[in-house]
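[1] Structure for the following, please:
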Amino acid sequence: MNTRVTHQDLAMSLAWEFNTLLPGYFERDRKAVAGRRFPIIAPLPDQAANTLPLNNKFAQGPYIYGVFARDQIKYIGKALEKTVLYRWIRPDKNKIAHYWSHGTTSAKSKSTIEKIADHLRATKTPVQLYFANYQTLFGLVQAKCKNIGGNTSEVEKTPPDIFIKELEHYLIHRLQPEWNTQNKRVGPKSAIAFCGNYWEPT
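    Numbers count the residues shown, from 1 in each chain. As a prediction, the model looks like this:
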């Protein structure tokens, strides 16, 4: 895992900090994980599904986000929803309370939320969720392409959702976050493969 890249390097803002593991569990209203209990990490979303990030609250998506623990990047993902936190918030099976839930679509694999809970139990140190939106990332990648003489027209023609998908793929392949399981072995084939390292000086 590449531990040298910080959230500042990646031009990411703080969306949330998880620093507490509350007693008990919750179950989701989803058939694929019926009966499976998930840990409750906190602080809980204060406005249910409408909870806004702590910083850069009104940045428009889509987004790339990174989960950091002890200043090391643990997970990289993308969000195409209306806010970066909307992807992380789900109601319980009774559709009353809202909790943090991520990577809980599989009945077998350990979810991101469970990994965060494991970290909180083991280290008693917080986990941060950082993010950057398309507008910010597009400008940085475009500038990088220009600086290295790359194909800026391909980047410019890429729709925002595809751009974010390709950049997520690149970042996972390049940074090898511990908690990611896909897109680690082979990088993307687009122009982003040559200028996705927007944080590195030319």
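
[2] would Val5 count as being in a strand?
    No: the assignment for Val5 is coil, going by DSSP: H, G, I helix; E, B strand; the rest coil, so no strand is present there.

[3] And the helices in the protein?
    Under the criterion DSSP state H, the chain contains helices at 112-123, 134-148, 152-157, 160-175, 192-195.

[4] where are the low-confidence patches of this structure?
    Confidence mapping of the chain against pLDDT under 70 gives the ranges 1-3, 104-108.

[5] how much space between the spatially most central residue of it and Asn55?
    Most central residue of the chain, judged by C-alpha distance to the mean C-alpha position with C-alpha atoms, centre = their mean, is Tyr65 at 3.0 Å. Distance, Tyr65 to Asn55, by C-beta to C-beta, to the nearest Å: 13 Å. Using the backbone N, CA and C atoms, a C-beta is placed for each residue, glycine as well.

[6] so the residue nearest to the centre of the chain makes contact with Ala15?
    Yes: taking C-beta atoms under 8 Å as the contact criterion, Tyr65 and Ala15 are neighbours in contact, 6.7 Å apart.

[7] Need the residues touching each of these two.
    Counting by C-beta atoms under 8 Å, 6 or more residues apart in numbering, the residues touching both Tyr65 and Ala15 are 84, 129-131.

[8] Greatest separation within the residues you listed: which pair is it?
    Val84 and Tyr130 (9.3 Å; C-beta to C-beta).

[9] on that earlier part again, please produce a markdown table containing the helices of the chain, extended by mean neighbour count and distance to Lys184.
    Rendered in a markdown table, the data for the helices of the chain read as follows (neighbours: other C-beta atoms under 10 Å; distance: least, C-beta to C-beta, whole Å):
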| stretch | mean neighbour count | distance to Lys184 |
| --- | --- | --- |
| helix 112-123 | 17 | 16 |
| helix 134-148 | 17 | 20 |
| helix 152-157 | 14 | 23 |
| helix 160-175 | 21 | 6 |
| helix 192-195 | 22 | 15 |
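
[10] mind giving me JSON lines with these and columns for distance to Lys74?
    As requested, the helices of the chain are exported to JSON lines (distance: least, C-beta to C-beta, whole Å):
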{"stretch": "helix 112-123", "distance to Lys74": "7"}
{"stretch": "helix 134-148", "distance to Lys74": "20"}
{"stretch": "helix 152-157", "distance to Lys74": "28"}
{"stretch": "helix 160-175", "distance to Lys74": "10"}
{"stretch": "helix 192-195", "distance to Lys74": "22"}
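
[11] Sort out which residues of stretch 20-33 are buried, please.
    21, 26, 28, 33 (16 or more other C-beta atoms under 10 Å).

[12] how near is the residue of the chain most remote from its centre to Arg87?
    When distances to the mean C-alpha position of the chain are computed (C-alpha atoms, centre = their mean), the maximum falls on Gly149, with 29.5 Å. If you measure Gly149 against Arg87 using C-beta to C-beta, the figure is 36 Å.
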